[in-house]
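Peer 1: from the sequence below, what's the structure:
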Amino acid sequence: MTLHISDKFIWDFWHYEEAGQQHLYFLQADRAIGNPDLRHWNVSVGHAVSTDLRQWTPLGTVFRPSAEPAWDDYTTWTGSIIKAEGSYHLFYTGTSRAENGMRQRIGHAVADSLNGPWTRVGSGLALDLDERFYEEHAEGRWHDRALRDPWVLPEKIDGMYHMFFTARRNDGPKYERGVIGHAVSADLVNWEATAPVYEGGHYGQLEVPQIFERDGRWYCVFCNVAPHWSEAMRAAHDGGVSGTHYLVADNPLGPWQPAPGFLDGDTPCRRYAGKILRDPVTGRDSLLAFEDSGADGQFVGRIGDPIPLRLENGLYQLDVSPAEK
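Peer 2: Below is the predicted model of the structure:
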C-alpha cells in the first residue's frame, strides 16, 4: 500500500482519472541527494497508475526541466492536467537557473496520451507575473516570487478557460498576502492574468490549490504551514497547524472564504499537499496526501492511502477515529 519508490523522494502530486485508471503525476527526486530539503532543486515529474488509489504501478519519469537554458531549466514543479481541444494539456510550474529559482512562472505542455511524451507548447511559457495584481520578488518581502501550482478547470465558463494558482498580493501584512490567483484564456495557449479570486487576509501563502464542485458548492483545497498563518489566525487556532485545508464559495470565481477549523493538520506536519478525490473503492470522497514528517521527525516522501471524508452541511471532515488521525 501507499505509493513508495525506494530510491525517490515523492511529494506534491496531481491526478487524472480515465476509463477506470487513476493516473498520478508527482514531484520526485533521487534519495541519493541525501538531504530531502534539496529535493526541490533536483526535481522531475514521475507518473504512476492504479485502479484503487492504493496499489500503484510506477511508470517512470515523464517530464523534467529543460536541458537547454530556458525559463524552466532549473525546476518543473506542481501542476494539473486536463483534456481539451483533442489533446491532454499539462500546466506546470517552472523556474530558471539564471534567476536562482527565485521567480516562478507557469508552463504548458501537450500530449496525445496520458503516458506522454509531453511536448512544450512553443517555449512552454504560458503565464508570467502581472505586477498589477501580484507581488514581485524583492529584498525584504517573501523568500521567492510566488506564481505556481496552476489548476485549470476542464470546462469553459462564459467561453473562457480558467486557471487558478498560488500567488501573493502587493499590499498588507506579510502573512496576510497569500491569494488564489486567476487567469483566463480562450484557447489554453494565450493567458491573461486577472485579479485574484481569493484576496487573502488569512495566510502568507496557499499552496497547491485544487478547485472542484460538489452538490452545487465550490471547494478550493490548499496546504500551508503554521508559521505562514496570519497573527489573527494563529491566535484563533492555538498557534496553528501544518497540513491541508480548504476555502468554500458558491462560484469558482469567488468570493472565497476559509472553512471553519482546519481539515487535516498537525505540528510537526504529518501529511501535506492533500487533494480530495473520489475513492473508486468506496465511491466516497477521500483525502490523498503525501507523508511529510515521520515519527522520527525525518522527511518520509511517499503518498499515503486515501483517508475517508464526511461531507455534512457543505463542510468536510475526516471520517476516521481519533486514533486513526
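Peer 1: leaving out the residues flanking it, which one is nearest to Asn251?
Peer 2: Leaving aside its chain neighbours, Asn251 sits nearest to Trp218 (6.5 Å; criterion: Cβ to Cβ, 6 or more residues apart in numbering). C-beta: built from backbone N, CA, C; applies to glycine.
Peer 1: residues in contact with the residue lying closest to Gln22 once chain neighbours are set aside?
Peer 2: Closest residue in space to Gln22, ignoring its immediate chain neighbours: Ser50 at 4.6 Å, by Cβ to Cβ, 6+ apart. Ser50 is in contact with 3, 21-22, 24, 56-57, counting by Cβ atoms under 8 Å, 6 or more residues apart in numbering.
Peer 1: could I get the residues you listed as CSV with pLDDT?
Peer 2: Output for the contacts of Ser50, formatted as CSV (pLDDT from 0 to 100):
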residue, pLDDT
Leu3, 97
Gln21, 97
Gln22, 98
Leu24, 98
Trp56, 98
Thr57, 97
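Peer 1: looking at those, which two lie furthest apart in space?
Peer 2: With distances taken as Cβ to Cβ, the most widely separated pair in the contacts of Ser50 is Leu3 and Gln21, at 14.5 Å.
Peer 1: who has more neighbours, these two?
Peer 2: Leu3 (25 against 13; other Cβ atoms under 10 Å).
Peer 1: so what pairs up with Thr57 in the strands?
Peer 2: The partner list for Thr57 in beta bridges (DSSP bridges) reads Val49.
Peer 1: ok, back up a step: return the closest of the contacts of Ser50 with respect to Thr166.
Peer 2: Leu24 (20.2 Å).
Peer 1: that closest one and Gly116, how far apart?
Peer 2: Distance from Leu24 to Gly116, counting by Cβ to Cβ, to the nearest Å: 14 Å.
Peer 1: ok, these two, which is more surrounded?
Peer 2: Leu24 (23 against 19).
Peer 1: tell me the secondary structure of the more buried one, please.
Peer 2: Here Leu24 is recorded as strand under DSSP: H, G, I helix; E, B strand; the rest coil.
Peer 1: name the strands paired with whichever strand or helix holds Tyr219 and say parallel or antiparallel.
Peer 2: If you go by DSSP states H and E, Tyr219 is part of strand 217-224. Applying DSSP bridges, strand 217-224 is found paired with strand 207-214 (antiparallel), strand 242-249 (antiparallel).
Peer 1: contacts only, for the most centrally placed residue in the chain.
Peer 2: The residue lying closest to the centre of the chain (Cα atoms, centre = their mean) is Val208, at 2.1 Å. By Cβ under 8 Å, 6+ apart, the contact list for Val208 reads 12, 78, 149, 166, 221-223, 273, 275.
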